[in-house]
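Enquirer: would you be able to build a 3D model of this:
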Amino acid sequence: MRSLTHAACRKIMKENDDLVILDTRDAGAFMQGFIPGSVYISLNEQFTDLATSLVNTASPILLVAEGGKETEIMDKLSKAGFKDIRGYLEGGFSEWLNAQEEIDMIIEIEADELAMDLPFDDELLVLDVRQQTEFAGGHVRDAMNMPLKTMNDPANMAMIEETCNIYIMGGSDTKQVMAAALLKRQGFHNLRTIEGGWESVLREKRIETVKEKEMLN
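Expert: Alright, predicted model coming up:
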């Protein structure tokens with residue numbers, strides 16, 4: 001296990017175009033600030049499954065984690081087949097902030113803002129990152145379904161127009177944040193997550209929702 005100063009991390013970032021900065025902090029903390037281009041994966045029971053789905057195991061990995069969690073996470077990654085773990089940011093994200101390095105953030109809105117924007121924004125795209133069966137059971141009319149685990153597929157990313165104003169909706173705030181980070185890594189920055197996800201949208205009666213009956217049969 002190797003701890004790295006922010007300067008050492010910056011050097012690795014410059015020297016490795018295929019580097020993956022993997023951030024595993026709390027979703028709320030991640031939204032408030034993260035190293036640009038980071039992949040966010042929540043440290044929960046699905047961590048290993050999501051890591052192997054969203055990140056190439058051959059990619060060099062730089063870890064950003066809450067203090068005391070580094071060894072546990074690096075062990076999980078090693079057991080999952082990640083071979084090139086360069087180390088972790090010493091002092092965590094606070095070290096990056098204290099060094100006044102560049103950061104990125106994720107904007108979160110409430111469902112009522114989506115309700116107000118839908119009728120007036122021709123470029124608005126509701127991107128639903130739930131599983132297909134969940135999407136079929138109910139979704140915002142004209143939403144695009146792109147399950148979280150498929151978002152590392154370039155063909156899927158090509159389906160999103162650069163001009164889109166993206167509103168990300170999922171079954172949980174955490175998965176919405178993961179999706180937002182993946183989109184930002186691909187260069188899509190005009191995006192927002194919806195606080196409370198699908199359940200919040202469902203309670204907003206001004207938002208029209210539909211079901212895909214043929215998928216439910």
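Enquirer: per-domain residue ranges of this protein.
Expert: Domain assignment for the chain by automatic domain parsing gives 3-98, 107-216.
Enquirer: would you turn those into CSV with mean pLDDT?
Expert: Listed next are the domains of the chain as CSV, based on pLDDT from 0 to 100:
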stretch, mean pLDDT
domain 3-98, 93
domain 107-216, 94
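Enquirer: just put the ones you listed in JSON lines and tack on mean neighbour count.
Expert: Using the backbone N, CA and C atoms, a C-beta is placed for each residue, glycine as well. What follows is those, written out as JSON lines (neighbours: other Cβ atoms under 10 Å):
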{"stretch": "domain 3-98", "mean neighbour count": "17"}
{"stretch": "domain 107-216", "mean neighbour count": "17"}
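Enquirer: my guess is K175 contacts V129. True?
Expert: Yes. K175 lies in contact with V129 (Cβ atoms under 8 Å); the separation is 6.1 Å.
Enquirer: joint contacts of these two?
Expert: Taking Cβ atoms under 8 Å, 6 or more residues apart in numbering as the criterion, K175 and V129 both touch L148.
Enquirer: center of the protein - which residue?
Expert: Centroid-nearest residue in the chain: M178, 1.9 Å away (criterion: Cα atoms, centre = their mean).
Enquirer: helix or strand: which one has that residue?
Expert: Secondary structure from DSSP states H and E places M178 in helix 173-185.
Enquirer: CA atoms of that helix as PDB?
Expert: Output of helix 173-185 as PDB, limited to C-alpha atoms (Å, rounded to 0.1, in the frame of the first residue of the first chain):
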ATOM      1  CA  ASP A 173     -29.100   9.300  -5.000                       C
ATOM      2  CA  THR A 174     -25.800   7.300  -4.800                       C
ATOM      3  CA  LYS A 175     -26.200   5.700  -8.200                       C
ATOM      4  CA  GLN A 176     -27.200   9.000  -9.700                       C
ATOM      5  CA  VAL A 177     -23.900  10.400  -8.500                       C
ATOM      6  CA  MET A 178     -22.000   7.500  -9.900                       C
ATOM      7  CA  ALA A 179     -23.700   8.100 -13.300                       C
ATOM      8  CA  ALA A 180     -23.000  11.800 -13.100                       C
ATOM      9  CA  ALA A 181     -19.300  11.200 -12.500                       C
ATOM     10  CA  LEU A 182     -19.100   8.800 -15.500                       C
ATOM     11  CA  LEU A 183     -20.700  11.400 -17.700                       C
ATOM     12  CA  LYS A 184     -18.400  14.100 -16.600                       C
ATOM     13  CA  ARG A 185     -15.400  11.900 -17.300                       C
END
